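Undergrad: next comes the sequence, and after it the predicted model I'd like to discuss.
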Amino acid sequence: MISLEALAEKAIRLEPPTRDEARAVLATPDDDILDVVAAAFRVRRHFFGRRVKLNYLVNLKSGLCPEDCSYCSQRLGSKADVLKYTWLSTDEAVASAATGIAGGARRVCLVASGRGPTDRDVDRVARSISAIKADHPDVEVCACLGLLSDGQADRLCDAGADAYNHNLNTSDATYADICSTHTYADRVETVDLAKKAGLSPCSGLIAGMGESDQDLVDVAFALRELAPDSIPVNFLIPFEGTPLGGEWHLTPQRCLRILAMVRFVCPDAEIRIGGGREIHLRSMQSLALHVANSIFLGDYLTSEGQPGQDDLQLIRDAGFVVEGAAPDDPHEGHGDAHHDLVRPRRRGAGTGEAANA
């Protein structure tokens with residue numbers, strides 16, 4: 001039996017758990033889930049208070065990727081019914097970014113499908129980065145363009161990019177099970193290139209692909225060694241038409257344990273709840289905010305998220321505040337804005353309409 005309080009105290013001192021302790025977090029029974037969340041919240045609150053950072057995705061180029069990552073709806077041979085289009089123009093990218101910024105996003109993530117960018121692609125993205133930073137100098141811009149070649153990270157940095165995302169996704173031991181067109185080592189090299197160029201490294205994982213507890217612990221410790229500033233924890237979105245389209249093994253409690261384990265292993269990193277939170281955490285999203293301190297606002301690359309206003313309401317209802325936002329008016333969220341939540345019953349007993357059950 002592990003001591004969750006002892007784990008929290010170690011994490012606050014920036015001491016990692018042992019691998020056995022990390023596995024034990026993943027093995028805690030559902031009856032203890034609130035204890036797990038409470039211990040992880042101590043760590044989250046110590047480093048980040050009650051702030052939640054909002055991030056906004058802009059999919060610059062969707063679909064038609066030559067890589068065969070099994071989890072991805074944009075992969076080679078994907079039959080998933082997703083949008084497919086070539087590069088957005090600079091004006092289109094800036095307009096999309098502005099939508100997220102208006103909703104409260106403090107970081108814009110510019111993403112493009114593909115193995116990696118050509119030098120011409122880097123020039124194209126650099127123009128979008130420069131234009132966004134010119135309009136919104138206080139907003140962070142993160143690029144996610146796949147595997148980088150020498151010099152490309154420096155050019156993105158020179159254009160004004162603040163960060164670069166490239167996820168490890170799973171453990172080194174099982175990476176070949178989900179992708180054959182590039183390697184785990186390729187991904188590590190790209191994160192290192194971004195760091196050397198002065199970009200803030202962003203790298204995370206995907207849970208729900210059939211991995212073992214050991215795989216999750218291994219990738220969490222690999223991320224600790226890479227020391228990214230932000231760690232997206234994604235939960236597989238099982239698109240029909242992809243090899244993992246039938247993988248529906250996650251429960252809300254499992255997701256919370258995974259988030260907590262990553263928090264104990266990487267206590268002072270920005271942990272972001274990524275894709276799949278709505279479909280896997282469901283009504284427990286607010287509990288996840290007690291472990292993670294960052295979320296994506298609105299939609300993802302190829303799937304819809306919940307409405308942005310629902311994200312903001314979720315944060316307020318859980319007692320957290322949006323990072324960078326002005327203090328809320330004490331009357332915000334009351335009065336006329338909530339009148340539509342009260343609806344007289346017009347169905348069931350005493351009517352000719354079917355009951356709500």
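TA: Structure's in. What do you need?

Undergrad: for Leu83, which non-adjacent residue is closest in space?
TA: With CB to CB, 6 or more residues apart in numbering as the criterion, Leu83 has its nearest non-adjacent residue at 4.9 Å, and that residue is Ser62. The way it works is simple: take the backbone N, C-alpha and C, and place the C-beta from them, glycine included.

Undergrad: quick one, grab the pLDDT at that neighbour.
TA: Per-residue confidence at Ser62 stands at 95 (pLDDT).

Undergrad: buried residues, stretch 145-162. List them.
TA: For stretch 145-162, burial by neighbour count (16 or more other CB atoms under 10 Å) applies to 145-148, 152-157, 159-162.

Undergrad: can I get stretch 171-181 as PDB, trimmed to CA atoms?
TA: C-alpha atoms of stretch 171-181 as PDB (Å, rounded to 0.1, in the frame of the first residue of the first chain):
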ATOM      1  CA  SER A 171       7.100   3.800 -24.400                       C
ATOM      2  CA  ASP A 172      10.200   3.100 -26.400                       C
ATOM      3  CA  ALA A 173       9.500  -0.600 -26.000                       C
ATOM      4  CA  THR A 174       6.100  -0.500 -27.700                       C
ATOM      5  CA  TYR A 175       6.500   2.400 -30.100                       C
ATOM      6  CA  ALA A 176       7.000   0.100 -33.100                       C
ATOM      7  CA  ASP A 177       3.600  -1.400 -32.300                       C
ATOM      8  CA  ILE A 178       1.800   1.800 -33.200                       C
ATOM      9  CA  CYS A 179       4.100   3.200 -36.000                       C
ATOM     10  CA  SER A 180       6.500   1.700 -38.500                       C
ATOM     11  CA  THR A 181       7.300   4.800 -40.600                       C
END
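
Undergrad: in a strand, Cys109, correct?
TA: Yes. Assessed with DSSP: H, G, I helix; E, B strand; the rest coil, Cys109 lies in a strand.

Undergrad: what bridges to it?
TA: Counting by DSSP bridges, Cys109 is bridged to Leu57, Cys142.

Undergrad: look at it and say how many residues are nearby.
TA: Cys109 has 24 neighbours, counted by other CB atoms under 10 Å.

Undergrad: quick one, what contacts it?
TA: Asn55, Tyr56, Leu57, Val58, Cys142, Ala143, Cys144, Asn165, Phe296 (CB atoms under 8 Å, 6 or more residues apart in numbering).

Undergrad: ok, Ala355 next?
TA: By CB under 8 Å, 6+ apart, the neighbours of Ala355 are Arg347, Gly348, Ala349.

Undergrad: how does it look with 10 Å?
TA: Arg345, Arg347, Gly348, Ala349 (CB atoms under 10 Å, 6 or more residues apart in numbering).

Undergrad: swap in Leu223?
TA: Leu223 touches 167-168, 191, 201, 203-205, 231, 233, 262, 265-266, 269, counting by CB under 10 Å, 6+ apart.

Undergrad: which phi and psi values does it adopt?
TA: Main-chain dihedrals, Leu223, degrees, to the nearest 10: phi -70, psi -40.

Undergrad: in contact with Asp81, which residues?
TA: Ser73, Phe239, Glu240, Gly241, Thr302.

Undergrad: most surrounded residue in these?
TA: Neighbour max across the contacts of Asp81 (other CB under 10 Å) = Ser73, 26 neighbours.

Undergrad: secondary structure class for Val122?
TA: helix.

Undergrad: hang on, it packs against Asp150?
TA: No. With contact defined as CB atoms under 10 Å, Val122 does not reach Asp150; the gap is 11.8 Å.

Undergrad: and the strands in the stretch 251-357 of the chain?
TA: All strands of the stretch 251-357 of the chain, identified by DSSP state E, counting those that start in this stretch, fall at 270-273, 294-296, 321-322.

Undergrad: which residues touch Gly246?
TA: Shown in contact with Gly246 (CB under 10 Å, 6+ apart): Pro238, Glu240.

Undergrad: gap between it and Asp68?
TA: 17 Å (CB to CB, to the nearest Å).
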